[in-house]
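Chemist: Just a sequence and a predicted model for now, questions to come.
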Amino acid sequence: MCCSHSFEDKRPLAPIEKMDLEIIKGMKFFDPHVHMSSRTTDDYQAMADAGVVALIEPAFWLGQPRTGIDSFRDYYSSLVGWERFRSSQFGIKHYCTIGLNSREANNEGLAEEVMEILPLFVYKEGVVGVGEIGFDDQTAAEEKYYRLQLELAKEAGLPVQIHTPHRDKKRGTQRSMDIAIEHGLDPYMVIVDHNNEETVKEVLDRGFWAAFTIYPFTKMGNERMVELTRQYGSERIMINSAADWGISDPLAVPKTAALMKLRGISDEDIRKITYSNAITAFAQSGQIDENDFIGPQQIDQTERFEGNTVLRGGQVPRTDKSSIIIS
Amino acid sequence: MFDYDAERLRLILTELTRSTLNSDAWIWLNEKINSGKIADFNTAFVLMPRKTGKSVVHVSDELSEEINSIKPGLTFKNWTADRLGRIYLIFNLDATDHAVYVKTVENLFLTAEVSELVALYSSLPVLAWADAWKLRCAEGIRSNIGSVLEAIMYDNPYPSDYLDENAWNQLVMKAFFTDKDVNRIIGLDERANADLKATISDYTAERKAAGRKINPFLWRLTAKFMDAELLNDLGELIKHGSKREKQAAALTLYYSDFQPAADLLDEHPEFLAAIKNKELNWDTLNPED
């Protein structure tokens, strides 16, 4: 869950800088927060083309509130099942974090049932954390389920991916960290998401990972991200797109890498912020093997497999978008 | 409870799993099995790859033959260690109470991720109470996840042994629609039927109308249901098709009991000779050009 989609703070458009990803050709990216269930195959294709080799899809609010436990079960199953397969068709390794999001924690009856099924999912292969959890309205119910899920993460030895609120952000972020420490979590196992200029210092000072969401209008812009990198460097910092059902950009990570490169940020810092820090943080789950997405990517879609014309890894053939002909 | 010699398979499966896993994982797995608690069973199933890793299981030809003599078609070749560990775990689940057993296994399906689904569907032929899994197997064929379909379609004797004709035909057509290697479907020829042949005839006509290629293995399923129209199609194919298509047409004619089919094949002695001296069969078809 990423944004409240209030467009009131929409800034006037800066002069348009043409997108040119040529400058980051050959770089690999890891987007540690993107809601692919809400995106199309065109997005997957564009991400793969731009160098995204792996991603994490946190469990979130689908926009339409769920009214029963089966909707949650099927959603979690789809994160470890159908969506994982869809992603593999484009050669992108798909991981997820599993949790009860803060908004729906306010439906207490349902939240209780969700807590009962979470242990069925957090130990699954490719589940790299408990997330995204934390505060939205900062109600008592949100706090209750946030605390319960911190305990679950501790028990399962998994990192935590924290969603910080839009409203009253700074205090909400502080409170999220206070509670995590109160429950005995190592800050190095906690990724605090959706940071901005006002929250980042304390997050880093206290030893947590600081994630930034590059999301138009309501969150970080990537020019601001470049400035933040100049100020804070690249240690324990990562960026993500949090692309979802709202006006968002699944190429936010590669585009920001390109802008960083244009503005003189070092390759090593770019690599840490757009790739390796996220892996280091979430690999503490024991569920990420970098060999699964580095090395030669199997993208030759016409290649024969075991003497047959089966597309390897279930990859789908590419359509030619520049042609008016559909065959 | 079992439709095969489960005690013989137990010996093989135990030895194969023991020799595949490292000793820590082997001890852990047996502790979970011996506890007899459903919660331990569920946890062990989910945690399997963390304990076993994913190395590929080595099955010698000799062992392969022995497994085949217990359950024709079954093989553990190219399986990963976690998949083997999962089947070993399920195999050791107490099956005496039909209802409890079915519910416990069925529950695993409901929240399964991709590798778990693969392990579950490939365990169908060794499960107890074989009749109980027909609907589950048919449901699996409705999946669009490639590796799940392959777990049901490839080297898995359960579908041909237990699916009713409708579900079987769905499996076969889905295999063609998703470009699967149909040679790995067990019982493909044995379960060919007139209804499937009718579907294939419509489908090949539709492909022709759309100007799309026709998978030559489709013809294989029509051999026993030859008629004049089909003979006409095959006659065209053996004259004007690609090398692969010509071979497929020849094989289809060869395996037909329809006299005009044999007469037609006689006009192409080079294919007839190749089939007779075993150079040409459905496994040796020329690659697509």
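Modeler: Arrived safely, thanks for sending.
Chemist: neighbours around whatever residue of the stretch 51-200 of chain A ends up closest to chain B, how many?
Modeler: In the stretch 51-200 of chain A, no residue comes nearer to chain B than residue A:80, which is 3.4 Å away by C-beta to the nearest C-beta. Just so you know, the C-beta spots here come from the backbone N, C-alpha and C atoms, and that holds for glycine as well. Using other C-beta atoms under 10 Å in any protein chain shown, residue A:80 has 26 neighbouring residues.
Chemist: I'd guessed it sits against residue B:117; true?
Modeler: No - when contacts are counted by C-beta atoms under 8 Å, residue A:80 is not listed as touching residue B:117 (9.7 Å).
Chemist: low pLDDT regions in the chain?
Modeler: Since no chain was named, I'll use chain A. Residue ranges of chain A with pLDDT under 70: A:1-16, A:295-316.
Chemist: Let me rephrase: I mean chain B.
Modeler: B:289.
Chemist: how about the residues of the stretch 151-289 of chain B near chain A?
Modeler: By the rule C-beta under 8 Å from any C-beta of the partner chain, the part of the stretch 151-289 of chain B lying against chain A is B:179-181, B:287-288.
Chemist: So among those, which ones count as buried?
Modeler: For those, a burial check counting by 16 or more other C-beta atoms under 10 Å in any protein chain shown picks out B:180-181.
Chemist: Out of the residues of the stretch 151-289 of chain B next to chain A, which comes closest to residue A:327?
Modeler: Ranked by distance to residue A:327 (C-beta to C-beta), those are led by residue B:179 at 16.6 Å.
Chemist: Could you pull up the residues touching residue A:121?
Modeler: Counting by C-beta atoms under 8 Å, 6 or more residues apart in numbering or on different chains, residue A:121 touches A:76, A:80, A:98, A:127, B:111.
Chemist: for it, helix, strand, or coil?
Modeler: Secondary structure for residue A:121, judged by DSSP: H, G, I helix; E, B strand; the rest coil, is helix.
Chemist: Could you list the contact residues of the stretch 151-300 of chain A toward chain B?
Modeler: residue A:286.
Chemist: Excluding chain neighbours, what is closest to the residue of the stretch 151-300 of chain A found nearest chain B?
Modeler: Relative to chain B, the nearest point of the stretch 151-300 of chain A is residue A:286 (6.6 Å; C-beta to the nearest C-beta). Closest residue in space to residue A:286, ignoring its immediate chain neighbours: residue B:50 at 6.6 Å, by C-beta to C-beta, 6 or more residues apart in numbering or on different chains.
Chemist: Now that neighbour: which helix or strand?
Modeler: Using DSSP states H and E, residue B:50 sits in helix B:38-52.
Chemist: and if you look at residue B:28?
Modeler: Going by DSSP H and E, residue B:28 is in helix B:23-35.
Chemist: Please apply the same query to residue A:258.
Modeler: Using DSSP H and E, residue A:258 maps to helix A:252-262.
Chemist: And the contacts of that helix?
Modeler: Taking C-beta under 8 Å, 6+ apart as the rule, helix A:252-262 contacts A:17, A:19-21, A:23-24, A:27, A:29-31, A:47, A:50-52, A:213-215, A:222-223, A:225-226, A:229, A:239-243, A:249, A:267, A:269-270, A:273-274.
Chemist: Which of those residues fall in strands?
Modeler: A:29-31, A:52, A:213, A:239-240 (DSSP state E).
Chemist: coming back round to it: ok, and for the helix holding residue B:50, which residues are buried?
Modeler: Applying 16+ other C-beta under 10 Å to helix B:38-52 flags B:41-49, B:51-52 as buried.
Chemist: Now distance to residue B:188 too, for those residues, in a markdown table please.
Modeler: Shown next, in a markdown table, are those (distance: C-beta to C-beta, whole Å):
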| residue | distance to residue B:188 |
| --- | --- |
| B:41 | 35 |
| B:42 | 36 |
| B:43 | 38 |
| B:44 | 35 |
| B:45 | 31 |
| B:46 | 34 |
| B:47 | 37 |
| B:48 | 31 |
| B:49 | 32 |
| B:51 | 37 |
| B:52 | 32 |
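Chemist: contacts with chain A among these, please.
Modeler: B:42-43, B:46-47, B:49.
Chemist: Distance to residue A:327 for these - can I get that in CSV?
Modeler: As requested, these are arranged in CSV below (distance: C-beta to C-beta, whole Å):
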residue, distance to residue A:327
B:42, 47
B:43, 49
B:46, 43
B:47, 46
B:49, 41
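Chemist: Show me which of these is closest to residue A:88.
Modeler: For those, the nearest to residue A:88 is residue B:49 (16.5 Å; C-beta to C-beta).
Chemist: what's the closest one in contact with, if anything?
Modeler: A:125, B:82, B:115.
Chemist: what comes into contact with the host helix or strand of residue B:201?
Modeler: With secondary structure defined by DSSP H and E, residue B:201 is part of helix B:194-210. Residues from elsewhere that reach helix B:194-210, judged by C-beta under 8 Å, 6+ apart: B:165, B:168-169, B:172-173, B:176, B:213-214, B:218, B:221-222, B:224-225, B:229-230, B:233.
Chemist: and if we set it to 6 Å?
Modeler: B:169, B:214, B:218, B:221-222, B:225 (C-beta atoms under 6 Å, 6 or more residues apart in numbering or on different chains).
Chemist: Among these, which pair sits farthest apart?
Modeler: Most distant of those, by C-beta to C-beta, are B:169 and B:214, 17.9 Å apart.
Chemist: In terms of secondary structure, what does the helix or strand harbouring residue B:105 contact?
Modeler: Using DSSP H and E, residue B:105 maps to helix B:98-110. Helices and strands touching helix B:98-110, as assessed by 3 or more C-beta pairs under 6 Å, 6 or more residues apart in numbering or on different chains; DSSP states H and E, are absent.
Chemist: Pull out the buried residues from that helix.
Modeler: B:101-102, B:104-105, B:108.
Chemist: again with stretch B:116-130
Modeler: B:116-128, B:130.
Chemist: Give me the contact list for it.
Modeler: B:1-3, B:71, B:74, B:83, B:86-87, B:90-91, B:95, B:98, B:108-109, B:133, B:137, B:140, B:147-148, B:151-152, B:157-158.
Chemist: Run the chain-centre distance for that stretch.
Modeler: 12 Å (C-alpha atoms, centre = their mean, to the nearest Å).
Chemist: repeat for stretch B:107-119
Modeler: That offset, for stretch B:107-119, works out to 18 Å (C-alpha atoms, centre = their mean).
Chemist: Just the endpoints, please. Distance across that stretch?
Modeler: End-to-end distance for stretch B:107-119, by C-alpha to C-alpha, to the nearest Å: 14 Å.
Chemist: cool, and stretch A:37-55?
Modeler: 12 Å.
Chemist: Please point out which parts of it sit buried.
Modeler: Neighbour counts using 16+ other C-beta under 10 Å place A:37-39, A:43-48, A:50-55 of stretch A:37-55 among the buried residues.
Chemist: From the rest of the structure, what touches the helix or strand residue B:234 falls within?
Modeler: Taking DSSP H and E as the criterion, residue B:234 maps to helix B:228-240. Contact partners of helix B:228-240, identified using C-beta under 6 Å, 6+ apart, comprise B:222, B:245-246, B:249, B:252-253, B:260, B:264, B:268.
Chemist: Check stretch B:73-88 too.
Modeler: Contacts of stretch B:73-88 (C-beta under 6 Å, 6+ apart): B:13, B:17, B:20, B:48-49, B:52-55, B:57, B:59, B:64, B:67, B:119, B:123, B:125, B:155, B:157, B:186.
Chemist: Within range of chain B, give me the residues from the stretch 1-150 of chain A.
Modeler: A:77, A:80-81, A:84-85, A:120, A:123-125 (C-beta under 6 Å from any C-beta of the partner chain).
Chemist: That concludes my questions; thank you for your assistance.
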